[in-house]
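J.: Show me how the following folds:
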Amino acid sequence: MPKVSKAKVNADADTGVISYDFTNGQHLEVALKDIPKETLKFFTLRGVGEAIRDTYAGVKDPDQAADVAGRKIEAILAGKTTIRISGGGGPRTTMLAEALSKVTGKSVEECQVKISELSDEQVADLKSRARVQVAMAEIRAERAKAKMKGLKAEAAEEEAPLPGF
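T.: Have a look, this model is predicted:
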């Protein structure tokens with residue numbers, strides 16, 4: 001089932017205002033200048049920490065994780081706000097690359113490189129496309145089928161009784 005957006009969010013760096021336009025017609029906004037200093041510091045630390053963690057979310061090798069986290073920190077300190085670090089991004093980016101590969105016929109690697117060059121808004125747009133959503137659903141189904149096959153094999157070999165049954 002495709003993800004349904006409940007609100008359009010706009011963060012205006014010039015005014016320092018984040019606005020939320022909900023699909024039910026309600027509009028909310030918060031200005032950074034109105035947030036108490038300690039609260040703003042807390043959310044800033046949380047947001048920066050999350051942005052760095054996101055870069056290595058799907059990376060299994062701790063050396064590679066440290067490398068992509070270090071590159072993200074360098075990018076942040078250089079003032080780059082919408083950079084993606086190749087090799088990070090976690091499973092969703094990889095699945096998106098696989099889906100785009102299915103849809104376009106390009107290699108997963110080519111798609112991954114292209115994704116790394118896109119803004120968050122462009123990635124969100126790609127993920128909202130029906131063809132991409134179908135491809136991602138097919139990938140999830142293939143993965144679930146492979147997992148089920150492994151579990152069935154494991155269950156067939158299991159001889160211990162189930163406790164309480």
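J.: Which elements pack onto the helix ranked longest in the chain?
T.: When the chain is parsed with DSSP state H, its longest helix is helix 130-157. If contacts are counted by 3 or more CB pairs under 8 Å, 6 or more residues apart in numbering; DSSP states H and E, helix 130-157 sits against helix 90-104, helix 120-128. C-beta here means a position set from N, CA and C on the backbone, and glycine is covered the same way.
J.: care to break this structure down by domain?
T.: 38-88, 90-154 (automatic domain parsing).
J.: export the ones you listed to JSON lines and tack on mean pLDDT, mean neighbour count and distance to residue 12?
T.: Below are the domains of the chain laid out as JSON lines (pLDDT from 0 to 100; neighbours: other CB atoms under 10 Å; distance: least, CB to CB, whole Å):
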{"stretch": "domain 38-88", "mean pLDDT": "81", "mean neighbour count": "14", "distance to residue 12": "13"}
{"stretch": "domain 90-154", "mean pLDDT": "86", "mean neighbour count": "14", "distance to residue 12": "14"}
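J.: Which one of the ones you listed lies nearest to residue 6?
T.: Taking CB to CB as the criterion, domain 90-154 is the member of those that comes nearest to residue 6, at 13.8 Å.
J.: would you turn the domains of the chain into a markdown table with distance to residue 23?
T.: Output for the domains of the chain, formatted as a markdown table (distance: least, CB to CB, whole Å):
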| stretch | distance to residue 23 |
| --- | --- |
| domain 38-88 | 25 |
| domain 90-154 | 14 |
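J.: who wins for proximity to residue 22 among those?
T.: Per CB to CB, nearest to residue 22 of the domains of the chain: domain 90-154, 17.1 Å.
J.: so what's residue 30 up against?
T.: 17, 18 (CB atoms under 8 Å, 6 or more residues apart in numbering).
J.: Now do the SS call for it.
T.: strand (DSSP: H, G, I helix; E, B strand; the rest coil).
J.: in the sheet, who's paired with it?
T.: Bridge pairing for residue 30 (DSSP bridges) gives the partners residue 18.
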